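1. Fold the following and give me the result.
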Amino acid sequence: MSYCPECEAVIDEEFEDVGEVISCPECGVELEVISVDPVEFDLAPIDDEGDEDDEFRFDDADDEEEWDDEDSCDEDDDI
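-> The predicted model follows:
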């Protein structure tokens with residue numbers, strides 16, 4: 001018998017492969033099998049591949065813009 005590390009729900013299943021990812025039947029969190037004898041779980045790593053919306057990107061106009069020393073804040077500038 002094993003437990004979800006997030007909600008401590010009992011997960012009474014047998015697993016054959018370390019690295020297998022399942023969902024907790026109680027809280028739904030993704031769990032990775034880290035041991036099969038005894039069965040133990042850890043929170044599954046977040047898969048960011050193919051998730052382009054989360055990446056920070058500059059607009060093309062920003063890439064072309066160059067900064068020089070005159071654009072920096074001088075001591076005489078009013079803030």
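2. what's the longest strand seen in the chain in contact with?
-> For the chain, the strand that runs over the most residues, judged by DSSP state E, is strand 30-36. Strand 30-36 is contacted from outside by 4-6, 11, 15-24, 39-45, using CB atoms under 8 Å, 6 or more residues apart in numbering. (Each C-beta comes from the backbone N, C-alpha and C, glycine too.)
3. next one: stretch 5-21
-> Contact partners of stretch 5-21, identified using CB under 8 Å, 6+ apart, comprise 1-4, 22, 24-27, 29-36, 39, 41-44.
4. out of those, which are buried?
-> 2, 4, 22, 24, 29, 31, 33, 39, 41, 44 (16 or more other CB atoms under 10 Å).
5. any chance of these in JSON lines, plus pLDDT?
-> Putting the buried ones among the contacts of stretch 5-21 into JSON lines (pLDDT from 0 to 100) gives the following:
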{"residue": "Ser2", "pLDDT": "92"}
{"residue": "Cys4", "pLDDT": "95"}
{"residue": "Ile22", "pLDDT": "94"}
{"residue": "Cys24", "pLDDT": "96"}
{"residue": "Val29", "pLDDT": "96"}
{"residue": "Leu31", "pLDDT": "96"}
{"residue": "Val33", "pLDDT": "96"}
{"residue": "Val39", "pLDDT": "93"}
{"residue": "Phe41", "pLDDT": "95"}
{"residue": "Ala44", "pLDDT": "93"}
